[in-house]
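[1] 3D model of this:
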Amino acid sequence: MAPEFVLRYLVTHEAVHLAVPDHSQKFWLTVRSLCKETERAKQWLSANTQRLTVDLREIIPGWGDTPRARDGEGNGRAKGASAQAVPTTGPRPARAEATTL
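    Predicted coordinates:
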């Protein structure tokens, strides 16, 4: 499990999304104003992402067994995305950050 300061950051990050749906300057200023350890938490997450990764096939019976799931349809993954390593938490990839969060 992640340290308390990281959990605080994650909760703050997601809570701010309720008011600011993107990763604009306004979003990050708000997160940083509410969570003083934002940069430390982001560094910890970057360094420890592998510790927070799970194989969904190990915890969800039948995950990836249907043709639809194998094609990446209807399961929240992009077509062709792997079901093997899904971070349970942490920063999103840069390309996702630029388009959605």
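[2] for Thr53, phi and psi?
    phi -100, psi 140 (degrees, to the nearest 10).
[3] buried sites along the longest helix along the chain?
    Scanning the chain for the helix with the most residues, using DSSP state H, yields helix 4-17. Neighbour-count burial for helix 4-17 flags 6, 8-10, 12-13, 16 (criterion: 16 or more other Cβ atoms under 10 Å). C-beta: built from backbone N, CA, C; applies to glycine.
[4] contacts for it, please.
    For helix 4-17, the surrounding residues in contact (Cβ atoms under 8 Å, 6 or more residues apart in numbering) are 2, 27, 30-31, 34-35, 37-38, 40-42, 44-45, 89, 101.
[5] one step back: redo the buried residues of helix 4-17 as CSV? Include pLDDT.
    Supplementary listing: the buried residues of helix 4-17 in CSV, determined by pLDDT from 0 to 100:
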residue, pLDDT
Val6, 97
Arg8, 98
Tyr9, 98
Leu10, 96
Thr12, 98
His13, 98
Val16, 98
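[6] how about the residues you listed, which pair is most distant?
    Taking every pair in those and measuring Cβ to Cβ, the maximum separation is 15.7 Å, between Val6 and Val16.
[7] mind listing the strands in the chain by residue range?
    Secondary structure of the chain by DSSP state E: the strands cover 53-54, 86-87.
[8] those strands: lowest mean pLDDT?
    The stretch with the lowest mean pLDDT among these is strand 86-87, at a mean of 48.
[9] where does pLDDT dip in the chain?
    The chain contains residues with pLDDT under 70 at 67-101.
[10] mind doing that once more with 90?
    1, 50-59, 61-101 (pLDDT under 90).
[11] can you give me the helices in the protein?
    Going by DSSP H, the chain shows helices at 4-17, 25-34, 38-48, 56-59, 67-70, 94-99.
[12] tell me the angle of the longest helix of the chain relative to helix 25-34?
    If you take axes from the mean of the first three to the mean of the last three Cα atoms, to 10 degrees, helix 4-17 sits at 140 degrees to helix 25-34.
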